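A.B. asks: sequence first, predicted model second:
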Amino acid sequence: MKKIILSMALLLASQTAMASECPDILKFMKRKLNSQETVNFCDAYKDKAILFVNTASKCGFTPQFEGLETLYSQYKDKNFVVLGFPSGDFNQEYSDEGKTAELCELTYGVKFPMFETIAVRGDDADPLYRLLAKKADTTPKWNFYKYLVDRKGNLVDSYSSFTKPNDEQLIADIERAIQP
């Protein structure tokens, strides 16, 4: 009995230590787009630089999916990931996640992780985006607003919708963010 209690105490202590090592920006679980599968961000993205992007399927900036996929492809083996979050906050997202997934995958060949549709600003903002906005001192102004977080979970910068994925400053910031 003592061994069982000791084992449970050690397991609980190690889980608590692991949770405290996880940056606050990764202490979230989100459902993948058009799926029932959930992702624990700490398990999946710890020690990666992350570009968080609120997306929309029916927006003038929607072609940025192509550039975001290019960024992801170029840097995914260097501890970098793009995470996409469809949002209807600007009334340019399908209400059907299947249509959103189809557009991402078939039209733009998106392979970077896309997640459930969420609110990214206002009173209904998802807790993840509330935290990003607090760190950046700004909420998304429109679709395809971007937040870059380094491998330690620190905000590097936020970028307007007009900042294209191939922007020189964004790429330079990503290259710094992926450094250990």
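C.D. replies: Alright, I've got the coordinates.
A.B. asks: show me what contacts M29?
C.D. replies: T38, V39, N40, F41 (CB atoms under 8 Å, 6 or more residues apart in numbering). All C-beta spots, glycine's among them, are computed from the backbone N, C-alpha and C.
A.B. asks: run the last query once more with 10 Å
C.D. replies: Taking CB atoms under 10 Å, 6 or more residues apart in numbering, we find M29 in contact with T38, V39, N40, F41, C42, D43, A44, L128.
A.B. asks: same check on F85?
C.D. replies: Contacts of F85 by CB under 10 Å, 6+ apart are 30, 33, 52-55, 113-120, 126, 128-129, 140.
A.B. asks: same check, this time on Y145
C.D. replies: Y145 neighbours (CB under 10 Å, 6+ apart): 52-55, 61, 87, 90, 120-121, 129, 132-133, 136, 138-139, 158-163.
A.B. asks: pLDDT score assigned to it?
C.D. replies: On pLDDT, Y145 comes in at 98.
A.B. asks: and for S20?
C.D. replies: Reported pLDDT for S20: 58.
A.B. asks: same thing with S14?
C.D. replies: 42.
A.B. asks: and G67, by the same measure?
C.D. replies: 97.
A.B. asks: repeat for A9
C.D. replies: 45.
A.B. asks: again with S158
C.D. replies: For S158, pLDDT reads 98.
A.B. asks: could you report the neighbour count for it?
C.D. replies: Applying other CB atoms under 10 Å, we find 20 residues neighbouring S158.
A.B. asks: could you confirm it falls within a helix?
C.D. replies: No. Read with DSSP: H, G, I helix; E, B strand; the rest coil, S158 is strand and lies in no helix.
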